[in-house]
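Participant: just coords:
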RNA sequence: GCGACCGUAGCUCAGUUGGUUAGAGCGCUGGUUUGUGGUACCAGAGGUCGGGGGUUCAAGACCCCUCGGUCGCCCCA
């Protein structure tokens, strides 16, 4: 009989359990609580979308679209893609469901995303994000609300120190285009000193040269034309209103004129919450305004802002949540006592206590196992009767007591 | 896509310049001890040394390929 080889997990995916899972769940639960404080509605979206949803909105030339998407043909011959990000799918849902009627909409989602990349710390092929968007709001107040919410979320997760908000503006479309043209001209004049990576970026994504890590690029990048010189009056006012709002709300930020976004659809506000505690993957939460996106998908001109944060990255930064211990652990130390144990355990659980019953293995070792569950109250059922202790938790102790008394009374009536 | 390091029981690891039947701790199973006690002791199960090929009288150790992991580059959350 040939033993079959157990298939492995797909590269870059994770099976989360124990502390890893608890950290993850804690991040999601905190997000769900905070987003309600700001009136964001929940949303559940498909994981698969027509490929065009992403190729049209992210930009064909971006790495995400050109080499990182999980794209396949389904049995009907349609090109389908596992979502690599949330925003495009939300925009698609907004249009196909006629949600213009609800605008402005404050929406939140979380779930798995897929990108075919080389896995490393804080980077997976199936990864998870929390995401918040405001669609149909053109005012800087929307940008402010999202940033204040992000700030509160990080504070409630207890990871705000060591994480800083970096803020920039990319201007409106004319500003951005003028700046971009100036940058391309400038970098072309300095081609001879640019790194190889940046020469490639010059063709595909010249803004990215600004935040190059290569020391060779730094002097040129640092002396490059700045967006401020190309901002229209309107764009300046917009950015001024955003920063004023943040200051009023007490959110700390720093200007980073080299901060750009990877995807083509961003305009005006761009931001990242950055940490140095995650190695190479420093961005913990990022986003900005994407007023052009919905038009790219064939909809009416619709202003929108949003951000997304990697749940795995946040989970790595939070303190380990206290692990969940049962209220009561019941050790059945005598084989014939099992039915009695079942009765007590069921009654305790119905009274709302979490209970772990230890009835397997050597009867003499079950008490040790019960102790090791760290339960608040440890109960032993043996031929010597029912005994339990747990003075440190008087509430649980007295609830257990009540349940046992009621069982005793019930038995007396028979 | 590029680079570096790594891959030995369920887990964490040891394994000497290649040299007999591959080890420890924890965990697991059974037993003894203790008897309101997270104890101690005994015994046991569990490994084609990631997989494939090669060098050699001899490979867990060396070489090649491959698959995975980790961390960088790139990209991004």
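Facilitator: In hand now; what should we look at? Owing to the predicted nature of the structure, the values given are computational and were not obtained by experimental measurement.
Participant: and the helix or strand harbouring residue A:177, what does it pack onto?
Facilitator: Here residue A:177, judged by DSSP states H and E, is contained in helix A:173-189. Contacts defined by 3 or more C-beta pairs under 8 Å, 6 or more residues apart in numbering; DSSP states H and E place helix A:173-189 against helix A:196-204. The C-beta positions use only the backbone N, C-alpha and C, and glycine is treated the same way.
Participant: Give me the buried stretch members for the helix or strand following the helix it packs on, please.
Facilitator: As assigned by DSSP H and E, the chain's next helix or strand after helix A:196-204 is helix A:218-222. Using 16 or more other C-beta atoms under 10 Å as the test for burial, helix A:218-222 gives A:220-221.
Participant: Show me the helices in chain A, by range?
Facilitator: For chain A, the helices defined by DSSP state H cover A:19-37, A:51-58, A:63-67, A:87-96, A:140-156, A:173-189, A:196-204, A:218-222, A:233-249, A:293-296, A:311-317, A:338-350, A:366-372, A:394-413.
Participant: Which among the ones you listed is found nearest to residue A:385?
Facilitator: Between residue A:385 and the helices of chain A, the shortest gap by C-beta to C-beta is with helix A:338-350, which sits at 10.0 Å.
Participant: how about the closest one, does it get close to RNA strand B?
Facilitator: No. Under the criterion of C-beta under 7 Å from any atom of the strand, RNA strand B is not reached by helix A:338-350; the shortest gap measures 14.0 Å.
Participant: For that helix, which residues meet the burial criterion?
Facilitator: For helix A:338-350, by 16+ other C-beta under 10 Å, it's A:341, A:344-345, A:347-348.
Participant: again, but for stretch A:391-403
Facilitator: Residues of stretch A:391-403 classed as buried: A:396-397, A:399-400, A:403 (neighbour count, 16+ other C-beta under 10 Å).
Participant: do the same with stretch A:319-333
Facilitator: Buried, per 16+ other C-beta under 10 Å, within stretch A:319-333: A:321, A:326-333.
Participant: One more: stretch A:29-37?
Facilitator: Neighbour count says stretch A:29-37 has A:30-31, A:34-35 buried, by 16+ other C-beta under 10 Å.
Participant: Show residues contacting it.
Facilitator: By C-beta atoms under 8 Å, 6 or more residues apart in numbering, the residues outside stretch A:29-37 that reach it are A:42, A:108, A:110, A:130, A:132, A:149, A:152-153, A:156-157.
Participant: Using pLDDT, spot the least trustworthy of the buried residues of helix A:338-350.
Facilitator: Lowest pLDDT among the buried residues of helix A:338-350: residue A:341, with 86.
Participant: Could you measure from the residue nearest to it when sequence neighbours are not counted over to RNA strand B?
Facilitator: Closest residue in space to residue A:341, ignoring its immediate chain neighbours: residue A:332 at 4.5 Å, by C-beta to C-beta, 6 or more residues apart in numbering. Distance, residue A:332 to RNA strand B, by C-beta to the nearest atom of the strand, to the nearest Å: 12 Å.
Participant: same question, residue A:306
Facilitator: Distance, residue A:306 to RNA strand B, by C-beta to the nearest atom of the strand: 10 Å.
Participant: how deep is that residue tucked in, by neighbour count?
Facilitator: Residues lying near residue A:306 (other C-beta atoms under 10 Å) number 25.
Participant: what's the spacing between the spatially closest residue to residue A:220 that is not a sequence neighbour and residue A:225?
Facilitator: Excluding the flanking residues, the one nearest residue A:220 by C-beta to C-beta, 6+ apart is residue A:190, at 4.8 Å. Separation of residue A:190 from residue A:225 (C-beta to C-beta, to the nearest Å) stands at 12 Å.
Participant: on that earlier part again, can you list the buried residues of stretch A:29-37 in a markdown table and add pLDDT and distance to residue A:361?
Facilitator: Putting the buried residues of stretch A:29-37 into a markdown table (pLDDT from 0 to 100; distance: C-beta to C-beta, whole Å) gives the following:
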| residue | pLDDT | distance to residue A:361 |
| --- | --- | --- |
| A:30 | 97 | 38 |
| A:31 | 98 | 41 |
| A:34 | 98 | 44 |
| A:35 | 98 | 45 |
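Participant: Let me know the closest of these to RNA strand B.
Facilitator: Closest approach to RNA strand B among those (C-beta to the nearest atom of the strand): residue A:31, at 13.5 Å.
Participant: what distance separates the start and the end of stretch A:345-365?
Facilitator: Across its full length, stretch A:345-365 reaches 19 Å between end residues, using C-alpha to C-alpha, to the nearest Å.
Participant: Report the distance from it to the chain centre.
Facilitator: Put simply, stretch A:345-365 sits 36 Å off its chain's centre (C-alpha atoms, centre = their mean, to the nearest Å).
Participant: again with stretch A:109-127
Facilitator: With C-alpha atoms, centre = their mean as the basis, stretch A:109-127 stands 11 Å off its chain's centre.
Participant: do the same with stretch A:81-97
Facilitator: Per C-alpha atoms, centre = their mean, the centroid offset for stretch A:81-97 relative to its chain is 17 Å.
Participant: Stretch A:247-265 too?
Facilitator: 19 Å.
Participant: do it and RNA strand B meet?
Facilitator: Yes. Using C-beta under 7 Å from any atom of the strand, stretch A:247-265 reaches RNA strand B at A:261-263.
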